[in-house]
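Participant: Could you look at this predicted model? Sequence included:
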Amino acid sequence: MASNESPNVPFTILRTRFKRAPRQVIYDNACKLHEYCLNRDPLFFKETEFYIDRLHLDNHTTSLVLELQRYNSQDDELSFFPCLPKYRSRGRFQKDASQVKNKVHCTKKYAGHPSLLPGVFTIFCPHGIYYGFQVMASNESPNVPFTILRTRFKRAPRQVIYDNACKLHEYCLNRDPLFFKETEFYIDRLHLDNHTSCSYGYNLSMYPELEKLNSQCNEQANTGLKRIKDQLSYMTA
């Protein structure tokens, strides 16, 4: 190698000597290699998963890696999706380690509790069919829906309706824009008033072709959970 830990070396080998990019790449500097590859040939590496080998993982000290390890270890224990098996891992992305926030962004107002369970994330199809649930570890974290969509769908859904769709849209495009390039994100009608300084493009009511779409499937189903609200609130994630 011409320089220590240069991602150009593995990138060049993979790009020139493989007809198709490997499904998985395990490398001691996988986070940098992942960013390097996606910045140069995202189409070639769009299906490739990058992992840091166990021996060198301790050399990576970002809180993100530790958080993802914790989340992935609990994922199967705290979720139930009988009709949505996992097709791929979540993956690790360079943006995960960034703490930089946009100066202008929507601020969604929500109520939280310092010690009770943040909530249960549920998914429904447009016809109101229940797909499954994921217990959330933190309030309104876009990582939960992103991980579900990224790992349990062969192709990203055409439309995603979510009460925090603006944040989820940004989160998805900052990590896997190719996977979500055809996905449209909308805020459901009930929660739109909770958003401030948010783009009108997320307003579901502005699209006549979606007028008959029931955006309240989740809220209607949540009414049935009120009977076990107290028990759910004191569960530990």
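Facilitator: Sure thing, it's come through. Numbers count the residues shown, from 1 in each chain.

Participant: List the contacts of Arg175.
Facilitator: Arg175 sits next to 91, 93, 95-96, 146 when contact means C-beta atoms under 8 Å, 6 or more residues apart in numbering. C-beta coordinates here come from the backbone N, C-alpha and C atoms, glycine included.

Participant: So which of those residues are in helices?
Facilitator: Judged by DSSP state H, the subset of the contacts of Arg175 located in helices is Phe146.

Participant: Would you convert the contacts of Arg175 into a markdown table that also reports neighbour count and distance to Tyr207?
Facilitator: What follows is these, written out as a markdown table (neighbours: other C-beta atoms under 10 Å; distance: C-beta to C-beta, whole Å):
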| residue | neighbour count | distance to Tyr207 |
| --- | --- | --- |
| Gly91 | 18 | 31 |
| Phe93 | 21 | 30 |
| Lys95 | 15 | 29 |
| Asp96 | 19 | 32 |
| Phe146 | 20 | 23 |
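
Participant: between the contacts of Arg175, which is nearest Ser79?
Facilitator: Checking the contacts of Arg175 against Ser79 by C-beta to C-beta gives Phe146 as the nearest, at 13.8 Å.

Participant: correct me, but that closest one touches Asn174?
Facilitator: No: using C-beta atoms under 8 Å, Phe146 is not in contact with Asn174, being 9.8 Å away.

Participant: Point to the residue nearest the middle of the protein.
Facilitator: Centrality entry for the chain: nearest residue to the mean C-alpha point is Phe146, 1.6 Å, by C-alpha atoms, centre = their mean.

Participant: Give me the local confidence score for it.
Facilitator: As predicted, Phe146 sits at a pLDDT of 95.

Participant: Distance check, it against Tyr162.
Facilitator: Taking C-beta to C-beta, to the nearest Å as the measure, Phe146 falls 11 Å from Tyr162.

Participant: who touches both of those two?
Facilitator: Shared contacts of Phe146 and Tyr162, counting by C-beta under 8 Å, 6+ apart, come down to Leu168.

Participant: what's the helix or strand for Lys19?
Facilitator: Assigned by DSSP states H and E, Lys19 belongs to no helix or strand.

Participant: State the number of residues packed around it.
Facilitator: Neighbour count for Lys19, taken as other C-beta atoms under 10 Å: 4.

Participant: swap in Asn29?
Facilitator: 19.

Participant: For it, report the pLDDT, please.
Facilitator: 85.

Participant: Could you do the one 3 residues further on as well?
Facilitator: Confidence at Lys32, expressed as pLDDT, is 84.

Participant: what about it, which SS state?
Facilitator: With DSSP: H, G, I helix; E, B strand; the rest coil as the basis, Lys32 sits in helix.

Participant: Am I right that it is in contact with Pro7?
Facilitator: Yes: using C-beta under 8 Å, Lys32 is in contact with Pro7, at 5.1 Å.

Participant: can you pull out the strands in this structure?
Facilitator: 24-26, 49-51, 79-80, 107-108, 119-124, 130-136, 159-161, 184-186, 195-196 (DSSP state E).

Participant: Select from the ones you listed the stretch with the lowest mean pLDDT.
Facilitator: Ranked by mean pLDDT, these bottom out at strand 107-108, with a mean of 60.

Participant: what about the closest residue to Gln159 other than its chain neighbours, distance to Arg155?
Facilitator: For Gln159, ignoring the flanking residues on the chain, the nearest one in space by C-beta to C-beta, 6 or more residues apart in numbering is Glu184 at 5.0 Å. Counting by C-beta to C-beta, the gap from Glu184 to Arg155 is 14 Å.
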